[in-house]
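Novice: Need the 3D shape of this:
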Amino acid sequence: MQNMTDMIFPDKLKEHFSSYGKVVEHQIMLDHSTGRSRGFGFVTFESEDAVERVMSQGRMHDLGGKQVNFFTLQCVVPDTKYHQLVSSF
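Specialist: I've put the predicted structure just below:
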């Protein structure tokens, strides 16, 4: 996810994406020195179908009154079946 604002909290991120499928992990990346958002984060779904449902709604979603850009991240993690969505904000 890109273009995320400091007003987007992890629980709101999970709440928004749970309507598309089971969220198994979610994280907004923070600057270690300031504790503020670095402007991107990750949402990991249990199924690829959930990612496809998010993407079928377009790459831009409204979160906290701000348009957030999404793209998928494909990674191979041994012994896992989870699929990740990346956003910058």
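
Novice: all contacts plus neighbour counts: C-alpha atoms, from now on.
Specialist: Noted.

Novice: just checking, residue 29 touches residue 39?
Specialist: Yes - using Cα atoms under 8 Å, residue 29 is in contact with residue 39, at 7.2 Å.

Novice: neighbour-wise, which of those two wins?
Specialist: Ranked by neighbour count (other Cα atoms under 10 Å), residue 29 and residue 39 place residue 39 first, with 20 against 16.

Novice: From residue 50, how far out is the more buried one?
Specialist: 23 Å (Cα to Cα, to the nearest Å).

Novice: next one: residue 22
Specialist: Counting by Cα to Cα, the gap from residue 22 to residue 50 is 8 Å.

Novice: For the two, indicate the residue with more neighbours.
Specialist: residue 50 (22 against 14).

Novice: which other helices and strands contact the host helix or strand of the more buried one?
Specialist: Using DSSP states H and E, residue 50 sits in helix 48-56. For helix 48-56, the packing partners by 3 or more Cα pairs under 8 Å, 6 or more residues apart in numbering; DSSP states H and E come out as strand 66-73, strand 83-88.

Novice: Can you flag the weakest of these by average pLDDT?
Specialist: The weakest mean pLDDT among those belongs to strand 83-88, with a mean of 59.

Novice: Can you check the distance spanned by stretch 20-35, start to finish?
Specialist: 29 Å.

Novice: contacting residues around it?
Specialist: 9-10, 13-14, 17, 36-47, 49-51, 53-54, 82 (Cα atoms under 8 Å, 6 or more residues apart in numbering).

Novice: Show me the shaky parts of this structure.
Specialist: 1-9, 73-89 (pLDDT under 70).

Novice: Can you tell me the SS state at the residue lying farthest from the centre of the chain?
Specialist: Most distant from the centre of the chain: residue 33, at 22.6 Å, with distances by Cα atoms, centre = their mean. Judged by DSSP: H, G, I helix; E, B strand; the rest coil, the three-state class of residue 33 is coil.
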